[in-house]
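>>> Here is a sequence together with a model predicted from it:
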Amino acid sequence: MEKPSWIVSPDDVLPYSPANHTGTVNRRLISQANVGAKHVEVLLGVIEKDQGALPHAHPGIEQVCYLLSGTADVEVDGERGQMKAGECCYLPPDKKHVFTVTSDEPARLLVIYSPPYEEHPDRVIR
């Protein structure tokens, strides 16, 4: 049986290195381009130790990060916290945030944006 187009595996999408991030490879799993999603976007990210997102914010976009493996330090609007696998963080619209992997092994995380970010330069403030 052929896999339906609305079931997506990481191998189905091309990897890319997102802007304003270091040591990061993302795969856009759910998007308008591949499944027609208009109000949500889901990415799988792999981030190396001591690497991650530099300070930035997304105007009008909510972001959720679910850590599948590894550990990370997260800062939102000047408040800091530590995440471990199985935990989730919420990054509110318009709030500057930083995400840095602290585990020796690369961290794997799901990133959810609503509405979609799609790497549009006008949807990020550095």
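Structure's in. What do you need?

>>> can you count the residues close to residue 45?
Residue crowding around residue 45 was assessed by other Cβ atoms under 10 Å; the count is 24. Where you see a C-beta, it was placed from the backbone N, CA and C, and this is true even at glycine.

>>> So it sits against residue 25, correct?
Yes. Taking contacts as Cβ atoms under 8 Å, residue 45 lies within contact range of residue 25: 7.2 Å.

>>> low-confidence ranges in this protein?
Low-confidence segments of the chain, defined by pLDDT under 70, are absent.

>>> So in the chain, which strand runs the longest?
If you go by DSSP state E, the chain has its longest strand at strand 41-56.

>>> Now for residue 88: which residues touch it?
With contacts taken as Cβ atoms under 8 Å, 6 or more residues apart in numbering, residue 88 has the following neighbours: 64, 65, 66, 67.

>>> I would like the residues contacting stretch 53-65, please.
20-22, 24, 74, 83, 88-100, 109-117, 123-126.

>>> Now do that stretch: distance from first to last residue.
The first and final residues of stretch 53-65 sit 12 Å from each other (Cα to Cα, to the nearest Å).

>>> got the residue ranges for the strands in the protein?
For the chain, applying DSSP E gives strands covering 15-16, 21-30, 41-56, 62-69, 71-76, 79-84, 88-91, 97-101, 107-114.

>>> how about JSON lines for those, with distance to residue 1 added?
Converted to JSON lines, these look like this (distance: least, Cβ to Cβ, whole Å):
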{"stretch": "strand 15-16", "distance to residue 1": "27"}
{"stretch": "strand 21-30", "distance to residue 1": "21"}
{"stretch": "strand 41-56", "distance to residue 1": "24"}
{"stretch": "strand 62-69", "distance to residue 1": "28"}
{"stretch": "strand 71-76", "distance to residue 1": "38"}
{"stretch": "strand 79-84", "distance to residue 1": "38"}
{"stretch": "strand 88-91", "distance to residue 1": "33"}
{"stretch": "strand 97-101", "distance to residue 1": "38"}
{"stretch": "strand 107-114", "distance to residue 1": "26"}
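
>>> Dump the C-alpha coordinates for stretch 95-104 into PDB.
What follows is stretch 95-104, C-alpha atoms only, in PDB (Å, rounded to 0.1, in the frame of the first residue of the first chain):
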ATOM      1  CA  LYS A  95       9.200  37.800  22.900                       C
ATOM      2  CA  LYS A  96      13.000  37.400  22.400                       C
ATOM      3  CA  HIS A  97      14.200  33.900  23.000                       C
ATOM      4  CA  VAL A  98      17.400  31.900  22.900                       C
ATOM      5  CA  PHE A  99      17.800  28.100  22.700                       C
ATOM      6  CA  THR A 100      21.200  26.400  23.400                       C
ATOM      7  CA  VAL A 101      21.800  22.700  23.500                       C
ATOM      8  CA  THR A 102      23.800  21.600  26.600                       C
ATOM      9  CA  SER A 103      23.900  17.800  26.200                       C
ATOM     10  CA  ASP A 104      27.000  16.100  24.700                       C
END
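
>>> Many thanks, we can stop here.
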